[in-house]
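Student: need a structure here:
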Amino acid sequence: QVQLVESGGGSVQAGDSLRLSCAASGRTISNYHMGWFRQAPGKEREFVGAISWSDGSTYYSDSVKGRFTISRDNAKNTVYLQMNSLKPEDTAVYYCAATFGRSSGVPTWASGYFYWGQGTQVTVSS
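Tutor: Numbers count the residues shown, from 1 in each chain. A predicted model of the protein is given here:
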């Protein structure tokens, strides 16, 4: 079992930055692909980005590419999502997710992840 807890959300102005953290417990995440998703009210959960367990390769949705950066610190069992140049359309609940990496490629869809955090709210005002 992997437990994930997100933190770092909040209310900011457009153009500001936030860094979300996802702290894992139960197992080391060094063997897990880690993903970030978000869900705005009335919308489906969408892929934001992911990082590979093996070589740290990162993948991003077009909507955040160039503004968001995912990193991982396996020693701290934590994954981060650095969000810069935030826009009102980035407003959503952000979720961290994990899936065992040694048997698969990095998923960019929600059903590809087995473990999920409870989410953290990010609100960007114009």
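Student: can you give me the strands in this structure?
Tutor: Assigned by DSSP state E, the chain shows strands spanning 3-7, 10-13, 18-25, 32-39, 46-51, 58-60, 68-73, 78-83, 92-100, 115-116, 120-125.
Student: okay, those, which one's buried deepest?
Tutor: strand 32-39 (a mean of 24; mean count of other Cβ atoms under 10 Å). For every residue, glycine as well, the C-beta is placed using N, CA and C.
Student: In its sheet, which strands sit next to that one, and in what direction?
Tutor: In its sheet, strand 32-39 lies beside strand 46-51 (antiparallel), strand 92-100 (antiparallel), with partners assigned from DSSP bridges.
Student: The longest one versus strand 3-7: what angle between them?
Tutor: It refers to strand 92-100. 150 degrees (axes from the mean of the first three to the mean of the last three Cα atoms, to 10 degrees).
Student: chain center to strand 92-100: distance?
Tutor: Centroid separation for strand 92-100 versus its chain: 5 Å, with Cα atoms, centre = their mean, to the nearest Å.
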